[in-house]
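Enquirer: After the sequence you'll find the predicted model.
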Amino acid sequence: MRGKVIRRGTVGLFTVSAVVLMLVLMMPKAWASSTASVQITPTPSLTPTLPPARAFAPLLAKGSIATPTAAPTVTPSPSPTSTPTPTPTATLPSPSDNRALRFYGNGVRAPGKDRVEIRIDGPQRPADIGASDFTLEFWMRASLGDNDNGHVCSTANDDWINGHIIIDRDVYGSGDYGDYGISLASGRIAFGVNNGSSGITLCGTTNVADGQWHHIAVQRRRSDGYLWLFVDGQLQAQADGPNGDISYRDGRSGAPKDPFLVIGAEKHDAGEAYPSYNGYLDELRLSNVLRYGGNFARPSAPFVPDVQTVALYHFDEVSGTTITDSSGALGGPSNGVMHVGGDPAGPLRVTGGPF
Ligand SMILES: [Ca+2]
Ligand SMILES: [Ca+2]
Ligand SMILES: [Ca+2]
């Protein structure tokens, strides 16, 4: 627009015939619009329109004249090019890496399958927690219909073994140093510990088998056996449990699956009475400290290893049967092995976990 005014002023200085000459010499398009306005154009407008060099420049740029054109060309090109590029590049990788495991609860119908086994002894591995304070936490998503054996959680002794078992660090029978585990009982989390002579189970208070992802955290203080259970950062149960070391005694010989931490199944395939977990699981972290002193905001990012992290599983592998421990803990890694089988065959590597 402003460019047009300048041309109009310029044309006013010449006669109509001069304008026709211009038509031959120069761009016809620009001239055509000028002729109509020749008479009206007042000379004064010439002066004010001269200063805007920037307005003038674009017109020149379209021709072939000058180097100064470089400046205006730069301005438009970087902004559109830079804005779209980083956005897709930054966001695309993360969702596709957000993998989790899907277990199908085959349990005893597929002995030794549909589970992850993490060896904790022979030799001793850092994932063998229980000799000191510990926190065990993970994310889960399940439906009640898939975990409906109907058992209602009770705080009595080893009651946790009667739910659909998610985490199994049992030793067959009462064992010596003791054992622990986590299950889903009528949609509520059951977390039990036994020190070899007595046991107790904590019972969650809300249904976590509602098709949503939930963060589950359990803690145990070694000195007095005190236990805590958090769901989505909210304390749901606590109790004074049995005292002492509940780790797996180094070099102990027992039932074949005793020296393993098993995810997604009842480890011994002890029978139909002990069902396995049917659902998703992600981001399992084992720590040798009490992580939570009270209610907390549930994690909003994947865990990053620190010195208290003794095992950390993101379950983000794309293929293969190795479940990588990313903790970097001394004496590790405590890698796991995925045993796939059953009908439907699990565990399945799926995208779309929380992290
Ligand atoms: Ca036991
Ligand atoms: Ca041990
Ligand atoms: Ca993951």
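Expert: Nice, thanks for sending it over. Numbers count the residues shown, from 1 in each chain. Ligands and ions are numbered 1, 2, ... in the order given.
Enquirer: Disregarding residues adjacent in the polypeptide, which is nearest to the residue of the stretch 1-150 of the chain found nearest ligand 2?
Expert: Per CB to the ion, the residue of the stretch 1-150 of the chain with the smallest distance to ligand 2 is residue 128, at 4.2 Å. (Glycine included, C-beta is placed from N, CA and C.) Setting aside the residues directly before and after it, residue 128 is nearest to residue 120 in space (CB to CB, 6 or more residues apart in numbering), at 3.8 Å.
Enquirer: which of the residues in stretch 183-201 are buried?
Expert: 183-196, 199-201 (16 or more other CB atoms under 10 Å).
Enquirer: Ok, stretch 272-287 next?
Expert: In stretch 272-287, counting by 16+ other CB under 10 Å, buried: 274-287.
Enquirer: Return the closest of the residues you listed with respect to residue 152.
Expert: residue 275 (14.0 Å; CB to CB).
Enquirer: Tell me who's in contact with that closest one.
Expert: 105, 107, 147, 149, 163, 164, 165, 266 (CB atoms under 8 Å, 6 or more residues apart in numbering).
Enquirer: how does it look with 7 Å?
Expert: 105, 107, 149, 164, 266 (CB atoms under 7 Å, 6 or more residues apart in numbering).
Enquirer: Where does the stretch 1-150 of the chain get nearest to ligand 1, which residue?
Expert: Relative to ligand 1, the nearest point of the stretch 1-150 of the chain is residue 130 (13.1 Å; CB to the ion).
Enquirer: Pull the number of nearby residues for that residue.
Expert: 23 (other CB atoms under 10 Å).
Enquirer: quick one: it and residue 246 touch, right?
Expert: Yes - here residue 130 reaches residue 246: they are 3.8 Å apart, a contact under CB atoms under 7 Å.
Enquirer: Mind listing the shared neighbours of those two?
Expert: With CB under 7 Å, 6+ apart as the test, residue 130 and residue 246 both reach residue 180.
Enquirer: Domain map for the protein?
Expert: Annotated domains of the chain cover 2-84, 100-351 [automatic domain parsing].
Enquirer: so for the longest one, what's the average pLDDT?
Expert: To tie it back to what came earlier, the one meant is domain 100-351. For domain 100-351, the mean pLDDT works out to 97.
Enquirer: now the shortest one
Expert: If you average the pLDDT over domain 2-84, you get 37.
Enquirer: tell me the secondary structure for residue 108?
Expert: Secondary structure state of residue 108, per DSSP: H, G, I helix; E, B strand; the rest coil, is helix.
Enquirer: What residues does the stretch 101-250 of the chain have near ligand 2?
Expert: Within the stretch 101-250 of the chain, the residues that sit near ligand 2 (CB under 5 Å from the ion) are 124, 128, 247, 248, 250.
Enquirer: Just the buried ones among the residues you listed, please.
Expert: 124, 128, 247, 248.
Enquirer: Can you give me every residue that contacts the third one?
Expert: Read that as residue 247. Counted by CB under 7 Å, 6+ apart, residue 247 has contacts 128, 129, 130, 131, 177.
Enquirer: Pull the most distant pair out of those.
Expert: Maximum distance among these (CB to CB): 11.7 Å, for 129 and 177.
Enquirer: ok, these two, which is more surrounded?
Expert: Legend: neighbour count by other CB under 10 Å for residue 129 and residue 177, higher for residue 129 (25 against 19).
Enquirer: Just to be sure, the more buried one is in a helix?
Expert: No - counting by three-state DSSP, residue 129 is not part of a helix but coil.
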